[in-house]
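In: Mind looking at a prediction? Sequence and model below.
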Amino acid sequence: MKHLSLFLLSLSTCILPLSGKSLVNVDPKGIGIKGYDPVAYFNAGVPTPGNQDLRSTNAGVIYLFSSKENQQLFDNNPKKYSPLFGGFCAYGVSRDSVIPVDPTVFQIVEGQLLLQYSKGVLAKFNKDQEGNFSKATMNWPSLVDRKGR
């Protein structure tokens, strides 16, 4: 099943650019992850607020960073560090819905950053992590097509 999830994820990333639409979870200023540093989830293992002076833009989202080193890591490989599903709740996407997130509730699944709405939702997602990840991956292109701009 893990290989199927990886296949579906790579297929969805191939399909999305063809739709010409984007669906991202940003604040009114265009900042993603509520200003948290996307790289810190990976290298520090904890949510870390970013600095307004350290920013990069990728796929229409402004990301803030807690250090110049993290900014450089992101700039060298934004796909690795950007949250999946446009930064929306992974469990919500698995249920064919876009839901905001609490940036302090996260997990790294198959090397990808997933954000969740709450700790309770994270627990629900993890009851069948592989199945929910697969459902989210399958649902994402349709959500982008229906709700994206």
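Out: Nice, I can see it.
In: Leu23: what's its closest spatial neighbour, skipping adjacent residues?
Out: On the basis of CB to CB, 6 or more residues apart in numbering, the spatially nearest residue to Leu23 that is not a chain neighbour turns out to be Gly148, at 3.9 Å. The way it works is simple: take the backbone N, C-alpha and C, and place the C-beta from them, glycine included.
In: What separation do you get for that neighbour and Ala40?
Out: As for Gly148, its distance to Ala40 is 27 Å (criterion: CB to CB, to the nearest Å).
In: which of these two has more neighbours?
Out: Applying other CB atoms under 10 Å to Gly148 and Ala40 shows that Ala40 carries more neighbours, namely 20 against 16.
In: For the closest residue to that one other than its chain neighbours, the count of nearby residues, please.
Out: Of all residues beyond its chain neighbours, the one nearest Ala40 is Thr48 (3.7 Å), with distances taken as CB to CB, 6+ apart. Neighbouring residues of Thr48 were enumerated by other CB under 10 Å; the total is 20.
In: pLDDT wise, what is the residue of the chain positioned farthest from its centre at?
Out: Here the chain reaches farthest from its C-alpha mean at Asp53, the gap being 22.2 Å by CA atoms, centre = their mean. The model reports Asp53 with a pLDDT of 98.
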